[in-house]
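Asks: requesting a structural model of the entry that follows:
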Amino acid sequence: MEDLLVDIYFWFVHSTKRKCELAEYADFCDQGYCKIIKHVSTGWLIQRFYLLFLQSALQIFVNLNLFLQKEEVKTSL
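Replies: Reported below is the predicted structural model:
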C-alpha cells in the first residue's frame, strides 16, 4: 500500500498537466481538489508509543521484582 501511495504522489507531482486533469476530474465529480501530499512512514511514531508503554509498564515489573527479593517473608492466610 505504501508503494502505491508513493507511486501516485510521484505520478502527479512532476506533471502540471496531470494535476490539471485531476483538478478537472474533481470538479466533474463535484469534489474539491486537494493537493496530494507525499506519504511518509510513521514507523517512528509507533516506536515512540511502544517505548512510552514500556516505560510506564516497567515500574510494575520493578516493584514486583523488589517484592519478590525481600528478605522478610510475608504470609497472608
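
Asks: flag the shaky bits of the chain, pLDDT-wise.
Replies: Residue ranges of the chain with pLDDT under 70: 73-77.

Asks: quick check: can you list the domain ranges of it?
Replies: 1-38, 40-69 (automatic domain parsing).

Asks: pick the most buried one from these.
Replies: domain 1-38 (a mean of 11; mean count of other CB atoms under 10 Å). Where C-beta positions appear, they are placed from N, C-alpha and C, glycine not excepted.

Asks: endpoint to endpoint, it covers what distance?
Replies: 13 Å (CA to CA, to the nearest Å).

Asks: next one: it to chain centre, how far?
Replies: 23 Å (CA atoms, centre = their mean, to the nearest Å).

Asks: ok, C20 to G43 distance?
Replies: Distance, C20 to G43, using CB to CB, to the nearest Å: 34 Å.

Asks: do the same with D7
Replies: 19 Å.

Asks: could you grab the helix/strand/coil label for the closest residue to A26 other than its chain neighbours?
Replies: Leaving aside its sequence neighbours, A26 sits nearest to Y33 (CB to CB, 6 or more residues apart in numbering; 4.2 Å). Classification of Y33 by DSSP: H, G, I helix; E, B strand; the rest coil places it in coil.

Asks: from what I can see Y33 touches D27, true?
Replies: Yes. Y33 is within contact range of D27, at 7.1 Å (criterion: CB atoms under 8 Å).
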